[in-house]
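>>> Structure, please.
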Amino acid sequence: MAWLILVVAALFEIGWAVGLKSLDGFSRPTPVILTIGAMAISIWLLSIAMRDLPLGTAYAVWTGLGAVGTATFGILFFGELASPARIASIGLIVLGIAGLKLASS
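A predicted model of the protein is given here:
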């Protein structure tokens with residue numbers, strides 16, 4: 001269950017990272033509230049997952065999934081560069097996440 005909670009926490013991390021792009025200098029109240037809410041939920045869920053998962057593993061997986069998800073979102077929805085080097089780098093992060101999961105079992 002801790003791994004599922006950690007994945008959901010990472011989804012909220014992706015949400016707040018993407019939300020930062022729409023804040024316009026914190027001048028738009030709705031995106032600000034939604035982004036701060038996603039931040040709070042993400043960190044809260046991470047702390048719950050850390051009850052059962054090692055600190056280093058949980059934090060690295062959380063940030064790794066957030067980085068992969070945010071980079072992928074940027075490529076798919078914001079027209080960011082999808083160069084072979086960038087895709088390979090994202091793949092390396094995924095391999096690192098898988099390695100941490102396997103080493104924590």
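>>> any idea what sits nearest residue 34, other than its immediate chain neighbours?
Taking C-beta to C-beta, 6 or more residues apart in numbering as the measure, residue 34 lies nearest to residue 19, with 5.9 Å between them; neighbours along the chain are not counted. Placement of C-beta: from N, CA and C, glycine included.
>>> quick one, phi/psi of residue 81?
The phi and psi torsions at residue 81 (degrees, to the nearest 10) take the values phi -60, psi 130.
>>> mind listing what residue 18 touches?
70, 73 (C-beta atoms under 8 Å, 6 or more residues apart in numbering).
>>> For residue 53, see how far away it is.
Applying C-beta to C-beta, to the nearest Å, the value for residue 18 to residue 53 is 25 Å.
>>> what do you get for residue 62?
10 Å.
>>> Give me the more crowded residue out of the two.
Comparing residue 62 with residue 53 by neighbour count (other C-beta atoms under 10 Å), the higher total belongs to residue 62, at 24 against 21.
>>> Show which residues not belonging to the helix or strand where the more buried one lies make contact with it.
Under DSSP states H and E, the secondary-structure element containing residue 62 is helix 55-77. Identification of contacts with helix 55-77 by C-beta under 8 Å, 6+ apart yields 2, 6-7, 9-11, 13-14, 17-18, 42, 46, 49-50, 80-82, 86, 90, 93-94, 96-97, 100-101, 103-104.
>>> So which of the residues you listed are in helices?
Secondary structure assignment (DSSP state H) places 2, 6-7, 9-11, 13-14, 17-18, 42, 46, 49, 86, 90, 93-94, 96-97, 100-101, 103-104 from the contacts of helix 55-77 within helices.
>>> Which among those count as buried?
Buried positions within those, assessed by neighbour count (16 or more other C-beta atoms under 10 Å), are 6, 9-11, 13-14, 17-18, 42, 46, 49, 90, 93, 97, 100.
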